[in-house]
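# curious how this folds, go ahead:
(chains A and B)
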Protein chains: 2
Amino acid sequence: MTKLTPRSKDYSQWYNEIAQELADNSAVRWCMVIKPYGFAIRENIRDVLDKMFKNTGHVNAYFPIFIPKSFLNKEASHVEHFAKECAIVTHYRLMNDPNGKGIVVDPEAKLEEELIVRPTSETIIRNSYKDRIHSYRDLPLLINQWANVVRWEMRTRLFLRSAEFLRQEGHTAHASAEEADIEARKMLDVYNDFCTNFMAISPRLGTKPEHDKFAGAVATYTFEPMMQDGKALQAGTSHNLWQNFAKAFDVKFTNEKNELEYVYATSRWVSTRLIWGLIMAHSDDNGLVLPPALAPLHVVIVPIFKTPEELQQIKEYIQPLIERFETTKLDFHSKYFHDSIPLKRKIDEDTNKSPGRKFNEYELKGVPIRITVWARDIASGMVEVFKRELGEKSAIKLEEVDLHIDQYLYKAQNNLLKKNTEFRETHTFEVDTYEEFKEKIEQGFVMAHRDGTVETADKIKEETAATVRCLPFDLKNEEGKCIYTGKPSSKKVLFARSY
Amino acid sequence: MTKLTPRSKDYSQWYNEIAQELADNSAVRWCMVIKPYGFAIRENIRDVLDKMFKNTGHVNAYFPIFIPKSFLNKEASHVEHFAKECAIVTHYRLMNDPNGKGIVVDPEAKLEEELIVRPTSETIIRNSYKDRIHSYRDLPLLINQWANVVRWEMRTRLFLRSAEFLRQEGHTAHASAEEADIEARKMLDVYNDFCTNFMAISPRLGTKPEHDKFAGAVATYTFEPMMQDGKALQAGTSHNLWQNFAKAFDVKFTNEKNELEYVYATSRWVSTRLIWGLIMAHSDDNGLVLPPALAPLHVVIVPIFKTPEELQQIKEYIQPLIERFETTKLDFHSKYFHDSIPLKRKIDEDTNKSPGRKFNEYELKGVPIRITVWARDIASGMVEVFKRELGEKSAIKLEEVDLHIDQYLYKAQNNLLKKNTEFRETHTFEVDTYEEFKEKIEQGFVMAHRDGTVETADKIKEETAATVRCLPFDLKNEEGKCIYTGKPSSKKVLFARSY
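Just a heads-up that it's a prediction; the model follows:
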């Protein structure tokens, strides 16, 4: 059984080895294959978020994958600041090579205007809103889309960065500036709810600094979780777009005073990058540790048997438990999620793998509970329960197992959140000098005064690799001096290194 | 209130008007926007099919949207016969126009090898299977993907044909030819289950003729539903790919005899085209008629009130009904679907629209049940129930409404299936002469002998617009003569005009 490279030895290599359980590089160098186990986590993330969005009044729709090149030109700051690395479709037909060498691009089939594979959908969606919005009665319009997007990343890493990735993007339209800002903040609250109560990660919330807003936004709100190495992950953002895209795409409505006005908009997204966060925040040297609220499999039962008769005896022995599992629902309720999740379980009867190999595999996969049953247990009425998050094994009475498991799953979820929260708290520092800053930034989040200029931010980044992650909502105003230039500052901000 | 163009006047125009409720053309000429109501139907289709697939042992995964051009060259008949109209990515970066005119394609950023936006994923998936499959113990591998695909269609029609569309594609690998063929047929049976019991459409099942198989397949199985004009819709296909793609991508496994062998494979898909089928099969001159098993909304309640107090009284009156609806589940069980569907309901309190406009809108949207409640109903203990499929209105006691509705929803589902089945049966003909053939093919499906050559098929198509839809499974062998050439034939086949 090969062991994982320990985190202490090579954190990056450790990640790559764990991620192999969930995804793989593909023949298209910049894109990944999401394997079934990884995709099952993504389905759980999608299903929970989808219900949360619907509970806030959103509906799903679908918009084209292609954006006409001219659309990107329409919103001035969008085109100026948006990364220009993207996949560009220039032709629409292949043909047989006249020299008989397979197929080639048909030079006759050149598009009049190039199409960009969507790096984000603001432009194409805003354009379609023009026909849907006429009066204040059509507002608010709250639409979400689950889609693949493409940004040409040369240095890829599974789930963190790849050319193609899967995400949701919410795009709303409102009758007033206030309502749009409330929406952008509310949807950040939804993300925070999901991150805290489902991913079991407690992020810091705040506003992105001016120079780091989304291209075309007047405010970008962000949630910033801390990973086990003290670095921040930019996990998702929510944008107040004001009337910028409405002006670019001429989306007007008649307000209650019967005046024609541009609509106010927001957009936001989270992506398969959340899976990267899940791994980096919780997993250990034995593999994945998954919060039960998002685990593809909650309980695996491994019967240990030498003959088919023994297997049959074990199956009869545990049958009452299996039946109770059938109807077990887990209640991971939260502010925006009011549903329950069925307990997912599996019996592994595979005779091609040794029990030891199975134990390793399920530990590596982060299955929260493993129940091992020997034929000899039948007489004693016990089974062995292994708890992944605690790393503990114990013998438990068969008839008590399901209640025990039920409680443990909530406990494991809470433990993970508690550990992440405590780690973040003990790795967050307030400093007043650049010396202190340079020391503490190696360990985690640092709150410090800065003068708010791009120049200072760039220099600090150059010298320490740290960036302003956000202006935290919960920090109070206080007079101070920029740690780098000594210029006045009215509030500390959150610095960290990030991925 | 504008009325729809009646089917009798212009079937095509009628479709376009109805489809507007569900989708729209987009700024990218060849792609559609799926509106929230249309997307809700697609979500229901996806959720049911996804559970069916999982019940047959499939798991979901995700593969890259891009296919290297060279991959399409690898399977000889795939490249030869597969349509070459597709979206081709040639560059990966935009740049600011040196002349200041917005953004242009950066000529330096040309890909070494062009990437094709997936028209189908056999090649990229088979290539990734190479690393996953080593021994017969790794088989069968049953993987499904929900994804967007692109085929460059110049003449688009909402849901029927567009460059981008959404679909599922199943890709399996097996240790024997027999097992692969059983899988391909079983998954056709799943499609048939879905089409019959959820879409309420009774298709004909069979094998595609040799010249109409999927490129790279040794057998293509198909289900062919009949639309209200007697034409067939190619709704979905299931392919036995034999070892063809395994050979092209060198996917081998060690069999139980310890010999190295190429794996056997199947693939299959259905797409958003099913929504086209739903509309064309059931809807009427008043709009959509949706089978309750797939309707986004089962019940809409329209309170009729003049004052907020009246609305409040009505809401109190119907409160017990609303509470019972909360827990109402619909059981559309079938061979491959064992779940229940929550009753989806809505109260429309919008004061901006007249009741008449609401009635029309929900009729147009095909909501199976509309409950209208006047303040005067409170004294009588009644409400008005309108049944979309029957087009009937009746007064029903409030306390009996939910039971009544429950029964009606199953009945409506059955009625739709019954109507479609009867229509297909009365519009299916057996003929022995070409004269008869030409007459009957105007009305529906025609079973006739043909000699099996491409030439004859082409001529019949040219003269009558009809094609061989399939060699139906349920037709018996019988000696006969080709209706066109008089050559011998051992079995009739199903001809129809199609979309």
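# against which helices or strands is the host helix or strand of A:Ile45 packed?
A:Ile45 is part of helix A:36-55 when elements are defined by DSSP states H and E. Helices and strands touching helix A:36-55, by 3 or more CB pairs under 8 Å, 6 or more residues apart in numbering or on different chains; DSSP states H and E, are strand A:141-150, strand A:164-174, helix A:177-197, helix A:273-282, strand B:59-60. C-betas here are computed from N, CA, C, even on glycine.
# just say which of the ones you listed is most tucked in.
Mean neighbour count (mean count of other CB atoms under 10 Å in any protein chain shown) peaks for helix A:273-282 among these, with a mean of 24.
# from what I see, A:Val385 and A:Leu403 are in contact.
No: A:Val385 is beyond contact range of A:Leu403, at 11.8 Å (criterion: CB atoms under 8 Å).
# the more surrounded of the two?
Comparing A:Val385 with A:Leu403 by other CB atoms under 10 Å in any protein chain shown, the one with more neighbours is A:Val385, at 20 against 12.
# surely that one forms part of a strand?
Yes: A:Val385 forms part of a strand when assessed by DSSP: H, G, I helix; E, B strand; the rest coil.
# name the nearest residue to A:Lys315, ignoring sequence neighbours.
The spatially closest residue to A:Lys315, leaving aside those adjacent along the chain, is A:Pro303, at 7.0 Å (CB to CB, 6 or more residues apart in numbering or on different chains).
# pretty sure the one you found sits against A:Ile371.
No: applying CB under 8 Å as the test, A:Pro303 and A:Ile371 come out as separate, 9.1 Å apart.
# from what I can see A:Gly444 touches A:Gly230, true?
Yes: with contact defined as CB under 8 Å, A:Gly444 counts as touching A:Gly230 (3.7 Å).
# so for the two, which sits in the more crowded spot?
The residue with more neighbours, out of A:Gly444 and A:Gly230, is A:Gly444; 22 against 19, by other CB under 10 Å.
# return the residues in contact with the residue lying closest to the more buried one once chain neighbours are set aside.
Nearest residue to A:Gly444, sequence neighbours excluded (CB to CB, 6+ apart): A:His427, at 2.9 Å. Counting by CB atoms under 8 Å, 6 or more residues apart in numbering or on different chains, A:His427 touches A:Met226, A:Gly230, A:Gln443, A:Gly444, A:Phe445.
# ok, so of the residues you listed, who is nearest B:Gln20?
A:Met226 (48.7 Å; CB to CB).
# pretty sure the closest one contacts A:Phe423?
Yes: the pair A:Met226 and A:Phe423 qualifies as a contact (CB under 8 Å) at a distance of 6.7 Å.
# when the two are compared, which one has more neighbours?
Ranked by neighbour count (other CB under 10 Å), A:Met226 and A:Phe423 place A:Met226 first, with 28 against 17.
# how many neighbouring residues does the closest residue to that one other than its chain neighbours have?
Once flanking residues are discounted, A:Met226 sits nearest to A:Arg424: 4.3 Å by CB to CB, 6+ apart. Neighbour count for A:Arg424, taken as other CB under 10 Å: 22.
# tell me if A:Arg424 really is in a strand.
No: under three-state DSSP, A:Arg424 sits outside any strand and is assigned helix.
# mind checking the SS state of A:Tyr362?
When classified by three-state DSSP, A:Tyr362 comes out as helix.
# following the lowest-mean-pLDDT helix or strand in chain A, which helix or strand comes up?
Between all helices and strands in chain A, the lowest mean by mean pLDDT, DSSP states H and E belongs to helix A:76-81, at a mean of 66. Reading on from helix A:76-81 to the C-terminus, the next helix or strand found by DSSP H and E is strand A:85-96.
# any idea of the angle that next one forms with strand B:141-150?
Interaxial angle, strand A:85-96 versus strand B:141-150 (axes from the mean of the first three to the mean of the last three CA atoms, to 10 degrees): 90 degrees.
# what's the angle from strand A:85-96 to strand A:164-174?
120 degrees.
# which parts of strand A:85-96 are buried?
Across strand A:85-96, burial judged by 16 or more other CB atoms under 10 Å in any protein chain shown covers A:Glu85, A:Cys86, A:Ala87, A:Ile88, A:Val89, A:Thr90, A:His91, A:Tyr92, A:Arg93, A:Leu94.
# low-confidence ranges in chain A?
Under the criterion pLDDT under 70, the flagged ranges of chain A are A:1-2, A:76-82.
# how is it carved up into domains?
As assigned by automatic domain parsing, chain A contains the domains A:11-67+A:119-282, A:292-423, A:428-496.
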